[in-house]
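J.: I would like the atomic coordinates for the input below:
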Amino acid sequence: MNSALTQGRGFDAAAITLSGLCLIHCLALPLLVGVLPLAGVLAEAEWLHRAFVVLAVPLSVYVMARCQLSSGQRAVFIMLASIGLGLLIAGAFVEALHDYETLLTVFGAAMLGGAHIWRWRTCQTCSAGRG
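T.: Residues are numbered from 1 along each chain as shown. Below is the predicted model:
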């Protein structure tokens with residue numbers, strides 16, 4: 001297996017992990033507020049949401065730029081990942097959408113994570129056929 005493919009999978013894995021952490025932050029922390037008072041502080045931390053986005057954007061843009069899929073598959077991946085990133089950015093930085101922050105973030109993280117999972121699985125299928 002070539003090193004570019006291995007590196008791409010590593011970036012996909014990092015992006016999938018980051019999307020999962022973002023979903024946990026948005027969905028699980030509010031549920032833990034009743035059990036752990038510290039969770040309430042983390043659930044409301046705007047800086048944490050913005051930090052996830054600041055990490056997600058360059059990581060995903062890098063993966064999109066180095067994507068080694070066929071042109072049709074690449075277009076689908078870039079479209080899904082871009083929409084997911086856009087939703088994450090809107091939820092984190094557009095103050096007028098504050099009431100929809102959780103909804104935007106959950107859909108954005110799920111779409112972005114799903115795009116990376118799909119790309120990862122597609123690349124595994126491609127490399128398995130190469131021998």
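J.: CA atoms for contacts and neighbours, from now on please.
T.: OK.
J.: surely Ala92 meets Ala51?
T.: No. Counting by Cα atoms under 8 Å, Ala92 stays clear of Ala51, with 9.1 Å between them.
J.: Which residue of the two possesses the greater neighbour count?
T.: Between Ala92 and Ala51, Ala92 has the larger neighbour count (other Cα atoms under 10 Å), namely 24 against 12.
J.: show me the contacts for the more buried one.
T.: Listed by Cα atoms under 8 Å, 6 or more residues apart in numbering, the contact set of Ala92 reads Glu46, His49, Arg50, Val53, Glu101, Thr105.
J.: which of the residues you listed count as buried?
T.: Using 16 or more other Cα atoms under 10 Å as the burial test, those include His49, Arg50, Val53, Glu101, Thr105 as buried.
J.: thinking again about what came up before, what's the closest of the contacts of Ala92 to His116?
T.: The closest of the contacts of Ala92 to His116 turns out to be Val53 (Cα to Cα; 15.3 Å).
J.: which of the buried ones among the contacts of Ala92 lies closest to Ala15?
T.: Checking the buried ones among the contacts of Ala92 against Ala15 by Cα to Cα gives Val53 as the nearest, at 10.9 Å.
J.: Summarise which helices and strands the helix or strand in which that closest one is found is packed against.
T.: When elements are assigned from DSSP states H and E, Val53 belongs to helix 46-65. Using 3 or more Cα pairs under 8 Å, 6 or more residues apart in numbering; DSSP states H and E as the contact test, the elements touching helix 46-65 are helix 3-23, helix 71-93.
J.: hey, which of those helices is tucked in deepest?
T.: Each of the helices and strands packed on helix 46-65 was scored by mean neighbour count; the highest is helix 71-93, a mean of 19, by mean count of other Cα atoms under 10 Å.
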